[in-house]
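dropping the sequence and predicted coords here.
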Amino acid sequence: MDDKTTNELIIRIRVEDGIRQEFNQTLSDRVDRYLEVKPLEIVPYTHFSAVSVECALLFRDGHFYGCIALTQAVAEALVEFLCRKNSVKHSKDFKTNVTRLAKVQFITHDSKASLLKIWEGRNDYHHLNTTIATDRQTLERLAREKCKLLSMVEAEVFRFQIIDGVRVPEHPEYWDINDEKTQVFLRIDP
């Protein structure tokens with residue numbers, strides 16, 4: 001083995017060991033964080049279904065900046081989806097869209113409040129303005145809050161019941177049902 005290969009192997013072993021140590025030291029905290037914000041297990045198959053799960057995974061792994069920004073992006077995609085599915089005129093302004101959806105009762109007052117809370121500080125996190133929080137505890141609190149709020153909105157929008165073993169959505173227009181079948185996104189475990 002030449003010197004370059006030996007050095008690369010040594011670096012690889014050090015990196016693996018560092019990752020293993022970090023994982024072992026943070027495992028309990030990661031499990032706790034994931035259980036706090038666990039995403040819905042079954043949602044319609046949309047362009048943001050998988051991305052929504054990543055919000056919880058970012059929070060689980062302590063990537064709070066990323067969790068905040070991605071949660072805000074998913075909220076924006078969800079609102080655009082709701083506008084399109086309900087033929088509500090879509091604006092470039094998120095708050096206008098949320099207000100329109102609430103006005104025509106496609107979302108509840110609670111979901112409206114949750115979406116607007118998720119959106120708070122959006123431009124600051126999107127542009128990494130100097131005003132964003134840098135304290136890790138503050139970031140964790142914000143990420144937790146936004147992730148939980150997103151999950152609550154998704155639970156309302158994609159609510160369903162199981163009747164005689166069949167999933168019956170409260171809002172079937174969001175599920176693209178064809179011949180009594182629909183594609184779903186399963187979010188069983190991390």
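Sure thing, it's come through.

from here on, contacts and neighbour counts on C-alpha atoms
Will do.

what is the burial count for residue 93?
By the criterion of other Cα atoms under 10 Å, residue 93 has 9 neighbours.

what's the spacing between it and residue 120?
13 Å (Cα to Cα, to the nearest Å).

what do you get for residue 85?
25 Å.

ok, residue 90 next?
20 Å.

more neighbours: which of the two?
The residue with more neighbours, out of residue 90 and residue 120, is residue 90; 18 against 12, by other Cα under 10 Å.

residue 176 versus the nearest residue to residue 173 once chain neighbours are set aside, what's the distance?
Using Cα to Cα, 6 or more residues apart in numbering and skipping the chain neighbours, the partner closest in space to residue 173 is residue 85 (6.9 Å). As defined by Cα to Cα, residue 85 lies at a distance of 10 Å from residue 176.

how about residue 29?
Residue 29 is 38 Å from residue 176, by Cα to Cα.

ok, now residue 111?
Counting by Cα to Cα, the gap from residue 111 to residue 176 is 22 Å.

okay, these two: which has more neighbours?
Between residue 111 and residue 176, residue 111 has the larger neighbour count (other Cα under 10 Å), namely 22 against 15.

thought the more buried one was touching residue 153?
Yes - judged on Cα atoms under 8 Å, residue 111 makes contact with residue 153 at a distance of 5.4 Å.

so which elements touch the lengthiest helix in the chain?
Assignment by DSSP state H gives helix 3-37 as the longest helix of the chain. Using 3 or more Cα pairs under 8 Å, 6 or more residues apart in numbering; DSSP states H and E, the elements in contact with helix 3-37 are helix 49-60, helix 136-157.

so how far is that helix from its chain's centroid?
24 Å (Cα atoms, centre = their mean, to the nearest Å).

cool, stretch 95-111 as well?
20 Å.

how about low-confidence regions in the protein?
Scanning the chain with the threshold set as pLDDT under 70 gives 189-190.

quick revisit: and for residue 93 and residue 120, which residues touch both?
By Cα atoms under 8 Å, 6 or more residues apart in numbering, residue 93 and residue 120 have no common neighbours.

what sits against residue 66?
Contacts of residue 66 by Cα under 8 Å, 6+ apart are 55, 58.

ok and the strand or helix carrying it relative to helix 136-157, angle-wise?
Assigned by DSSP states H and E, residue 66 belongs to helix 64-85. Here helix 64-85 runs at an angle of 20 degrees relative to helix 136-157 (axes from the mean of the first three to the mean of the last three Cα atoms, to 10 degrees).

return the distance of helix 64-85 from the chain's centre.
The answer for helix 64-85 is 7 Å, by Cα atoms, centre = their mean.
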